[in-house]
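Student: sequence unavailable; structure follows:
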């Protein structure tokens with residue numbers, strides 16, 4: 001079983017890495033053509049609700065599909081009230097999609113219409129990808145995502161001639177349509193069909209898992225969406241797109257490593273009955289992710305300006321855009337470690353069906369985030385309003401930790417902190433030596449080698465055990 005887990009995780013890591021890099025290239029492409037102007041702000045506002053579907057609601061429904069199919073049920077059964085819940089959720093999303101674009105100063109109906117269309121397409125895409133993952137068809141989802149991104153990138157080159165948010169949104173829509181058609185063809189070809197019927201089930205067998213995953217899996221997307229909606233009301237050009245670029249950089253290691261590991265583990269976790277084995281996977285997952293995320297967080301904090309400049313500062317993305325985006329990235333870098341830990345906590349709490357802990361933790365975070373935003377914006381310091389996200393996550397993390405009964409701390413984590421301190425110290429000493437792309441790459445390699453060698457010298461068991469995978 002453990003060898004299969006490693007195999008699935010490696011497939012997801014490799015495929016996720018390729019897809020995320022391509023998606024990141026798309027962001028660089030957008031920054032070249034549009035910089036941080038109002039058109040890309042409009043595009044990001046239109047994607048607020050679709051992104052909640054892509055990163056929160058869609059994966060929640062997808063993981064529920066995996067749990068139903070992975071338990072070898074030949075028939076997916078839903079209670080009548082669960083159908084009503086799904087219909088109500090869809091109605092809510094359509095309404096939010098319509099009203100979320102009101103901050104765009106135009107009466108053009110295409111803005112809310114395209115928001116609703118992209119939301120529906122994301123729902124189809126995510127559901128089909130997770131459906132195939134339930135059959136361990138991880139490669140198919142990756143190939144389909146590759147097709148979608150390539151089509152998206154190709155259409156974006158029209159921006160050489162026309163600069164408009166319509167080009168941005170239609171390129172995404174066409175890519176998603178091609179991906180969905182490809183996935184449906186594969187499902188039909190391999191006869192991956194399940195019947196669905198309406199029956200009487202135990203109370204909350206469906207709603208609790210879906211709601212807890214919406215709040216848990218996509219919490220960071222919900223917080224970011226709240227942030228964008230609040231900032232859109234301030235009529236400050238460029239700040240939403242700057243926040244979005246910074247988030248894409250910050251989220252890159254999380255989306256590649258964290259979600260690949262958790263997605264590959266999930267079908268196995270829901271089958272584990274032994275508590276000792278469950279706690280083993282919990283500690284192993286936590287230490288492995290911390291081994292990666294702590295030094296990355298330190299690196300992003302120190303080199304935020306250099307990273308943004310090297311990635312984006314060309315075309316319409318000028319020095320002013322670099323400054324505002326790098327300030328957002330520096331704050332968001334503080335989010336990498338706590339959001340990684342919280343995501344692991346919530347995913348394992350989901351498997352244990354501790355719904356109330358998930359609800360209380362996420363509610364505390366969202367309420368804290370909104371209150372902090374109101375305080376910060378009322379003092380007219382918009383560029384620092386994003387600090388409300390890491391602060392609210394920390395509050396939720398402290399509450400969640402009190403509810404966990406599994407021992408968390410060990411000496412490997414202290415070794416990770418010491419190694420990350422050495423990485424940060426090396427980075428600060430060498431920061432003035434960065435004069436271009438080549439020097440930045442060489443210095444980055446050097447300081448990460450300092451970190452790796454420190455872990456080897458300190459005999460970090462998490463790092464050493466990676467050779468033996470998850471044994």
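Tutor: Nice, thanks for sending it over. All figures in this text were calculated on a predicted structure; none of them were measured in a lab.

Student: not counting residues beside it along the chain, what's closest to the residue most central in space within the chain?
Tutor: Central residue of the chain (CA atoms, centre = their mean): residue 255, 5.2 Å from the mean position. Nearest residue to residue 255, sequence neighbours excluded (CB to CB, 6 or more residues apart in numbering): residue 20, at 5.5 Å. Where C-beta positions appear, they are placed from N, C-alpha and C, glycine not excepted.

Student: sorry, back to before: the residue nearest to the centre of the chain touches residue 16, doesn't it?
Tutor: Yes - Residue 255 is within contact range of residue 16, at 6.8 Å (criterion: CB atoms under 8 Å).

Student: and the gap between residue 404 and residue 364?
Tutor: 15 Å (CB to CB, to the nearest Å).

Student: residues near residue 186, how many?
Tutor: Taking other CB atoms under 10 Å as the criterion, the count of residues near residue 186 is 17.

Student: which ones are touching it?
Tutor: Contact analysis of residue 186 by CB atoms under 8 Å, 6 or more residues apart in numbering lists 132, 137, 140, 144.

Student: residue 319: how many residues sit nearby?
Tutor: With neighbours defined by other CB under 10 Å, the count for residue 319 comes to 8.

Student: for my notes, confirm the residue nearest to residue 255 occurs in a helix.
Tutor: Yes - under DSSP: H, G, I helix; E, B strand; the rest coil, residue 20 falls within a helix.

Student: which ones are touching it?
Tutor: By CB under 8 Å, 6+ apart, the contact set of residue 20 is 252, 255-256.

Student: now, which of those sits nearest residue 95?
Tutor: Lowest distance from residue 95 to the contacts of residue 20 (CB to CB) belongs to residue 255, with 28.4 Å.

Student: which among the contacts of residue 20 gets closest to residue 310?
Tutor: Among those, residue 252 lies closest to residue 310 (CB to CB), at 13.9 Å.

Student: got the residue ranges for the helices in the stretch 201-350 of the chain?
Tutor: Here the stretch 201-350 of the chain has its helices, by DSSP state H, counting those that start in this stretch, at 207-217, 219-232, 239-253, 259-269, 275-302, 304-312, 319-333, 336-351.

Student: any low-confidence regions in the stretch 251-400 of the chain?
Tutor: 259-260, 262-275, 380-383 (pLDDT under 70).

Student: 80 instead, please
Tutor: The stretch 251-400 of the chain contains residues with pLDDT under 80 at 255-282, 347-348, 350-353, 376-385.

Student: how far away is residue 131 from residue 59?
Tutor: Distance, residue 131 to residue 59, by CB to CB: 12 Å.

Student: those two: which is more packed in?
Tutor: Higher neighbour count among residue 131 and residue 59: residue 59, with 23 against 20, using other CB under 10 Å.

Student: and stretch 433-449, which residues are buried?
Tutor: Neighbour counts using 16 or more other CB atoms under 10 Å place 434, 440, 443-444, 447-448 of stretch 433-449 among the buried residues.

Student: picking up where we left off before, out of the helices of the stretch 201-350 of the chain, which one sits most buried?
Tutor: helix 239-253 (a mean of 24; mean count of other CB atoms under 10 Å).

Student: residues in contact with residue 390?
Tutor: Applying CB under 8 Å, 6+ apart, the residues near residue 390 are 331-332, 334-335, 338-339.

Student: for residue 45, what is the enclosing helix or strand?
Tutor: According to DSSP states H and E, residue 45 maps onto helix 38-46.

Student: that helix - contacts with which helices or strands?
Tutor: Contacts defined by 3 or more CB pairs under 8 Å, 6 or more residues apart in numbering; DSSP states H and E place helix 38-46 against helix 2-34, helix 110-133, helix 165-190, helix 219-232, helix 239-253.

Student: any idea of the angle that helix forms with helix 110-133?
Tutor: In terms of direction (axes from the mean of the first three to the mean of the last three CA atoms, to 10 degrees), helix 38-46 departs from helix 110-133 by 50 degrees.

Student: residues in contact with stretch 314-323?
Tutor: Looking at what lies outside stretch 314-323 - CB under 8 Å, 6+ apart - the contacts are 31-37, 238, 242, 305, 308-309, 312-313.

Student: distance between the ends of that stretch?
Tutor: By CA to CA, to the nearest Å, the extent of stretch 314-323 from end to end equals 13 Å.

Student: any idea how far the closest residue to residue 305 other than its chain neighbours is from residue 249?
Tutor: Of all residues not flanking residue 305 in the chain, residue 326 sits nearest, at 4.3 Å (CB to CB, 6+ apart). Here residue 326 is placed at a distance of 10 Å from residue 249 (CB to CB).

Student: got it, and residue 228?
Tutor: 16 Å.
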